[in-house]
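Trainee: Return a 3D structure for these sequence lines:
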Amino acid sequence: MKAPRWRLILNGKSAGDEPLRGAVQALRARGVALSVRVTWEAGDAERYVAQAIAEGVDTVVAAGGDGTLSEVATTLAHRDECADDLPSLGLVPLGTANDFAAAALIPDAPDAAFELIHASAAQAVDLLRIDAHGQTHWCANLASGGFGTQVTVETDDGLKKMLGGLAYLITGIAKLGRIEPITARIRGNGFDWSGDFIALGLGNGRQAGGGQALCPDAVIDDGLLDLTIVPELSGEVGATVGTLLTEGRNAALDRVAVRAQLPWVEIESTQPLTLNLDGEPLEATAFRVECVPRRVRMHLPPGCPLLAVPGNPLPLAVDDDAPEPGPVMVPA
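Mentor: Model (predicted):
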């Protein structure tokens, strides 16, 4: 039987991780032909994935945080081949927050993450495609704007290294007194909203920024993105903060959020808006965000809460002439 061929694409910040080194050696001892490439600068992941595809590698493993996962998934996504003809995708979480891995229940320990990839069949999953300034970007987990994005962008790297996800909470508390709303129009198929918002989530996955569950019901195999808008709170601040203290963050979000599930949305803002795409900021005044069904195949744990449809029966090809479904409204 032919030995499986894997390519590990490792974020350079984690190049000295000893548990990962031991897990790599153990996997090689089990007969997996595993080679390692380390990313140091922009473009490295794309080059390494292209090489893996050209060499017929079976599985590409992203070792890092949400940004590394998104970078590797992006490189697979913009290839001309369909998902079935590309290497499958695995994840070894080594980042600070690991929001996608946490929501998907992918284990933190490198040896356990490798075992998951080795033992589980790859599932076809969706990705988000974002068009702005005439260029296309991709997002594997969640695109966010407003307050949450400001917190993520402004959280100090040293603080994140020391405190992990708690660093985002500390930064968020520090910013509470200076939240400035953003005026925008957000529309999709059968959905149209205009006004001022302080936070925006466009979820393939559920959470970002160290555990901010902006899209708590999102799944990654339904062909829809989950939209969450948190309008300017005005007189509801006291009630919302009270709910936050007594019932938790999700209950506070439910009190004020506007939510929908849509195949696409278009965003127009009166001022430059920054969307955080799995850690990468993208600024524009107009965006089109589309959920692309079954764009990559990923190894996920049995019973993964981000999967809604066992076996992923959605079609690989999308009929552009078919009528689009209306939005699925989620009561807040």
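
Trainee: Verify the stated contact: residue 224 with residue 291.
Mentor: Yes. Counting by CB atoms under 8 Å, residue 291 is a contact partner of residue 224 at 5.6 Å. To be clear about C-beta, it is placed using only N, CA and C from the backbone, and glycine gets the same treatment.

Trainee: Quickly list what's touching both of these two.
Mentor: Listed as contacting both residue 224 and residue 291 by CB atoms under 8 Å, 6 or more residues apart in numbering are 262, 263.

Trainee: which residues of the stretch 201-332 of the chain fall in helices?
Mentor: 237-247, 249-256 (DSSP state H, counting those that start in this stretch).

Trainee: and the longest strand for the protein?
Mentor: strand 280-299 (DSSP state E).

Trainee: Quick check: buried residues in that strand?
Mentor: For strand 280-299, the neighbour count (16 or more other CB atoms under 10 Å) marks 282, 284, 287, 289-299 as buried.

Trainee: okay, now the domains of this structure?
Mentor: Domains of the chain are assigned by automatic domain parsing as 5-128+294-299, 135-292+325-329.

Trainee: okay if I get these as TSV plus mean pLDDT and distance to residue 305?
Mentor: TSV is the format used below for these (pLDDT from 0 to 100; distance: least, CB to CB, whole Å):
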stretch	mean pLDDT	distance to residue 305
domain 5-128+294-299	93	7
domain 135-292+325-329	75	8
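
Trainee: Distance to residue 307 for these - can I get that in TSV?
Mentor: Converted to TSV, those look like this (distance: least, CB to CB, whole Å):
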stretch	distance to residue 307
domain 5-128+294-299	6
domain 135-292+325-329	5
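
Trainee: Of all the ones you listed, which one comes closest to residue 308?
Mentor: When the domains of the chain are compared by CB to CB, domain 135-292+325-329 sits nearest residue 308, at 4.0 Å.

Trainee: Quick check: the gap between the closest residue to residue 293 other than its chain neighbours and residue 232.
Mentor: Using CB to CB, 6 or more residues apart in numbering and skipping residues adjacent in sequence, the residue nearest residue 293 is residue 223, 4.0 Å away. Residue 223 is 31 Å from residue 232, where distance means CB to CB, to the nearest Å.

Trainee: When the two are compared, which one has more neighbours?
Mentor: The neighbour comparison of residue 223 against residue 232 (other CB atoms under 10 Å) goes to residue 223, with 20 against 17.

Trainee: unless I'm mixing things up, the more buried one is touching residue 263, no?
Mentor: Yes. With contact defined as CB under 8 Å, residue 223 counts as touching residue 263 (6.6 Å).

Trainee: list residues touching both of the two?
Mentor: In contact with both residue 223 and residue 263: residue 291, using CB under 8 Å, 6+ apart.

Trainee: The stretch 51-200 of the chain: helices as residue ranges?
Mentor: 66-77, 99-104, 110-119, 147-154, 157-163, 166-175.

Trainee: How far does the second one sit from its chain's centre?
Mentor: With CA atoms, centre = their mean, to the nearest Å as the basis, the distance from the averaged C-alpha position of helix 99-104 to the chain average is 9 Å.

Trainee: what's it in contact with?
Mentor: Outside helix 99-104, the residues touching it (CB under 8 Å, 6+ apart) are 66, 69, 91, 93, 106, 108, 140-142, 205-211, 278, 300-301, 304-306.

Trainee: Is it possible to mark the buried ones in these?
Mentor: Buried members of the contacts of helix 99-104, counted by 16+ other CB under 10 Å: 66, 69, 91, 93, 106, 140-142, 205-211, 278, 300-301, 304, 306.
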